[in-house]
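# Sharing a model prediction with you, sequence too.
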There are 2 protein chains.
Amino acid sequence: MVMTSATNDQQVTTVQELLFDKRTEANDISLKAMLNADPVLIDVVPALDALPGMTRRTILTSGAPLPWSAYEGGQRRAILGAALFEGLADSFEEADARLTDGDILVRPCHDFGCVGSVTGVTSASMPVLVVEDKVSGSRGHCVLYEGGARERLTYGVWNEAVHRQLVWIKDVLGPILSAALRYGGGVRVSPIIRRALGMGDDLHSRNTAATAVLFQQLYGPILDAEGSSGAAREVLDFLSRNDLFFLHVAMATGKSIADAAVGTPHSSIVTAMALNEREFAIRTAGTGKRWFRAPIPPLRAKYFDGITAEDTAFMGGESLITETVGLGGLSAAAAFSLQDYSGGSAESMVETTLAMYGITHTEHPQWRIPSLAFRGAPFGIDAARVASTSVTPRIHMGAALRGGGHAGAGLLIAPVEPFLEALEALDAQAATAP
Amino acid sequence: MVMTSATNDQQVTTVQELLFDKRTEANDISLKAMLNADPVLIDVVPALDALPGMTRRTILTSGAPLPWSAYEGGQRRAILGAALFEGLADSFEEADARLTDGDILVRPCHDFGCVGSVTGVTSASMPVLVVEDKVSGSRGHCVLYEGGARERLTYGVWNEAVHRQLVWIKDVLGPILSAALRYGGGVRVSPIIRRALGMGDDLHSRNTAATAVLFQQLYGPILDAEGSSGAAREVLDFLSRNDLFFLHVAMATGKSIADAAVGTPHSSIVTAMALNEREFAIRTAGTGKRWFRAPIPPLRAKYFDGITAEDTAFMGGESLITETVGLGGLSAAAAFSLQDYSGGSAESMVETTLAMYGITHTEHPQWRIPSLAFRGAPFGIDAARVASTSVTPRIHMGAALRGGGHAGAGLLIAPVEPFLEALEALDAQAATAP
């Protein structure tokens, strides 16, 4: 009896050790692919042309997919708005009918090599940033930052002003950036991120420095490609006055890096974290396109003047791709200026980043945090470590008004359940795999 | 006997109290003038036109004045170079003879509303930044940043490349910046400094963020005033590629702020700190143009690869005006990225700034330090507090090669003697004044 028990224990241990070895090896492979990445912003192209599988009748949105009928708030409004923007319907009612019929398709951004901010709505004619990892060839995409107005499609608003701005982005901003990037040969993104982490950005809630550094690199190609025409000046002014412009570049970059690790069997490295209106969900390198979901916990937020938590609602979000690659909340200790914006103190931001080393696999060799003696950013969230420690990723996030609009920002502490479920799936996979 | 002694003590105390009250009142007045300042970069103008008292035969240089024969190193070479640049002589020998005769005059920058970096050499045709405090009307000036080459007049080098660059600055950079500033109505400097302190700059050894933010504000007026001509592009490229460009703006700004306090009788607030080749010297608001001098202590520096302390030499410097207004070493805790550049750790940089609160009069209401929970920068160095604590200003400084050229950067701990002597002078003044 005692012997049998011991033998069983030994067998169990051996199987666990085998699983552990297999996972460790797989994680090393996926991490290596992510760390080797050399992401370059190469172009800005309409989503229809850039995204494999995209059609004129497809509308992409943030998070794990829901049936159309389940979208009720800002995410629903933004999808309906995009249908009108694309000329797929003349009214919300008509768009709703076509969406209900499946004549217009709603799909998750992540399945199209794309990520979206908040509602994340991306349709065929919208220009997307194209970031290519020159090592793996994987590409990440994201629509252009929509501008600083509180009311945007990004935040679940569709109206005439939003429409006008999207037309300007499609007809002016996108084509001129494309011309400049083609003229200038693209922009390497990793050195800009490295620099910005030394200048107070977390690259999620704060992109002030990265945007300024990008501007120093882009004004030349813009002038070379377009001269100082009125349209070129509009673009220069837009780039220089929107401190969050770089966020969408960082997001497309994060997607290109994370996708370099996708499809590594047994790897427990997280390759996506995303929100739809209702759920926080993750993917891991070893479990492919499967989403592991849980309800979204409350955001610990600082709202703009006069706004309270009751005025706000979740409406999706995939800017969490920045945390997925070690930025945002994981690099909180780089961005003390966010104390005023998303709450907390310098001390708590240091604690946040230190805690993240416990659930990540390594430290980024180039992206370094000055307040931690230039320690590399915590990189490669490991679902197995999240499961064993119950410490979950800390996420810097924007908050949205229930009725649409930007409401403030805060800290989201990811729920643990999706990580536990992902690990179960990986364990099951490993137990049955050769 | 006992009574007499007590009476004497009481009298002494009373006199000291009166002095103290007088000084406190005076310091409040000088600090108020400095804190109220609203410095605006209004123009770039040849020194001859900008600086009251400037002549074609005057060459300004850093620090308390020395007789011409006392300048022996880089500062001497730079002054001789400026004489050639202005066409005042055809050779170093001829220039030396005219300088010895007093036919060419060497004067301290500070007496002309001007400050200079390292050698600080400023001559008639060199364009200077003009920063005006819109409240007091006081103006500060500084030549334009010379560019990133190791060999510059700033660092005691005169050769053909240095000459060419100074001609380009005089003929292209200066006039185009002037046109842009006049076209755009000037640039308010204090908000840029506020922003840059939140982005890792100390505004002395590091001006990366401030330069990027200034560029976002200047490219528009440059294009408006000049179009995208070849010359305008040269200027845009220069501004976007020289991360220290803003240093000289910060210096002219510091001078305009400090001069708002100059000439406040009894005030022990420091209004200038400057180096010549041999001496560290200060002025206070209550002692006017009088310099209080001491030999320069060794710099605790990190040098560029292959350079050692023996290769370096002091050759002047007035960028210490940034410390005089609470920036540079006083705001070390804002600039953790300087760990790699000027030595030290994040912890030691926090300690440096905390120590500076002990010798300053107040905290700047707008210039705030994120790592210290947005505490205001230590502002208004008080010679009386330096004297009573023996804690002296910590200064971030560039290092120069003995033979000329930029060698690295480090921390200079000011000697205490000039502060003690200034205080003695203030005490003597107060005892005799009405």
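It's in.
# If you drop the residues flanking it in sequence, what lies closest to the residue in the stretch 1-150 of chain A positioned nearest to chain B?
Nearest to chain B, among the residues of the stretch 1-150 of chain A, is residue A:148, at 14.2 Å (C-beta to the nearest C-beta). Where C-beta positions appear, they are placed from N, C-alpha and C, glycine not excepted. Excluding its sequence neighbours, the residue lying closest to residue A:148 (C-beta to C-beta, 6 or more residues apart in numbering or on different chains) is residue A:242, at 5.6 Å.
# residue ranges with poor pLDDT in chain A?
Counting by pLDDT under 70, chain A shows low-confidence ranges at A:1-15, A:341-343, A:433-434.
# wouldn't residue A:99 be in contact with residue A:82 here?
No: if you go by C-beta atoms under 8 Å, residue A:99 and residue A:82 don't touch, sitting 10.4 Å apart.
# Strands of the stretch 251-400 of chain A, residue ranges please.
According to DSSP state E, counting those that start in this stretch, the stretch 251-400 of chain A carries its strands in the segments A:270-275, A:279-284, A:292-295, A:300-303, A:360-369, A:375-381, A:394-400.
# May I see those organised as CSV, with distance to chain B added?
Shown next, in CSV, are these (distance: least, C-beta to the nearest C-beta, whole Å):
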stretch, distance to chain B
strand A:270-275, 27
strand A:279-284, 29
strand A:292-295, 34
strand A:300-303, 14
strand A:360-369, 9
strand A:375-381, 11
strand A:394-400, 15
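# Save those as a markdown table, and put in distance to residue B:400 and mean neighbour count too.
Output for these, formatted as a markdown table (distance: least, C-beta to C-beta, whole Å; neighbours: other C-beta atoms under 10 Å in any protein chain shown):
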| stretch | distance to residue B:400 | mean neighbour count |
| --- | --- | --- |
| strand A:270-275 | 50 | 28 |
| strand A:279-284 | 55 | 26 |
| strand A:292-295 | 60 | 18 |
| strand A:300-303 | 47 | 18 |
| strand A:360-369 | 29 | 20 |
| strand A:375-381 | 33 | 25 |
| strand A:394-400 | 43 | 26 |
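# Check what contacts the one helix or strand residue A:232 maps to and list those residues.
Here residue A:232 sits within helix A:230-241, counting by DSSP states H and E. Outside helix A:230-241, the residues that touch it by C-beta atoms under 8 Å, 6 or more residues apart in numbering or on different chains are A:147-148, A:168, A:172-173, A:176-177, A:211, A:214-215, A:218-219, A:222-223, A:226, A:245, B:216, B:219-220, B:223.
# Can you flag which of these belong to strands?
Among the contacts of helix A:230-241, no member falls in strands (criterion: DSSP state E).
# Up against chain B, what does the stretch 251-400 of chain A have?
A:336, A:337, A:339, A:340, A:345, A:346, A:370, A:371, A:372, A:373, A:374 (C-beta under 8 Å from any C-beta of the partner chain).
# at 7 Å instead, please
Counting by C-beta under 7 Å from any C-beta of the partner chain, the residues of the stretch 251-400 of chain A close to chain B are A:336, A:337, A:339, A:345, A:346, A:370, A:371, A:373, A:374.
# Drop anything exposed from the residues you listed.
A:336, A:337, A:339, A:346, A:370, A:371, A:374 (16 or more other C-beta atoms under 10 Å in any protein chain shown).
# Pick the one among those residues closest to residue B:194.
Nearest to residue B:194 among these: residue A:337, at 10.9 Å, using C-beta to C-beta.
# before we move on, the earlier item: which two among the buried ones among the residues of the stretch 251-400 of chain A next to chain B are spaced furthest apart?
A:339 and A:374 (21.1 Å).
# Out of the strands of the stretch 251-400 of chain A, which is closest to residue A:195?
Across the strands of the stretch 251-400 of chain A, closest to residue A:195 is strand A:360-369 (C-beta to C-beta), at 9.8 Å.
# mind listing what the closest one pairs with, with the direction of each?
strand A:375-381 (antiparallel) (DSSP bridges).
# got the angle between the partner strand and strand A:279-284?
100 degrees (axes from the mean of the first three to the mean of the last three C-alpha atoms, to 10 degrees).
# Can you give the contact residues for strand A:375-381?
A:31, A:34, A:197, A:269-270, A:324-327, A:330-331, A:353, A:356-357, A:359-365, A:367-369, A:393 (C-beta atoms under 7 Å, 6 or more residues apart in numbering or on different chains).
# if we go to 8 Å?
By C-beta under 8 Å, 6+ apart, the list of residues contacting strand A:375-381 reads A:27, A:30-31, A:34-35, A:197, A:269-270, A:273, A:323-327, A:330-331, A:334, A:353, A:356-357, A:359-369, A:393.
# and the helix holding residue A:232, how far from the chain's centre?
Relative to the chain's own centre, helix A:230-241 is displaced by 25 Å; criterion: C-alpha atoms, centre = their mean, to the nearest Å.
# just stretch A:265-277 next, same as before
Stretch A:265-277 sits 11 Å away from the centroid of its parent chain (C-alpha atoms, centre = their mean).
# ok, now stretch A:120-139?
In terms of C-alpha atoms, centre = their mean, the centre of stretch A:120-139 is found 12 Å from the chain centre.
# go on, stretch A:191-205?
16 Å.
# picking that back up, is the residue nearest to residue A:148 in contact with residue A:146, as I believe?
No: Residue A:242 is beyond contact range of residue A:146, at 9.0 Å (criterion: C-beta under 8 Å).
# ok, these two, which is more surrounded?
More neighbours surround residue A:146 than the other of residue A:242 and residue A:146, with 24 against 17 (other C-beta atoms under 10 Å in any protein chain shown).
# Please consider this matter closed, and thank you.
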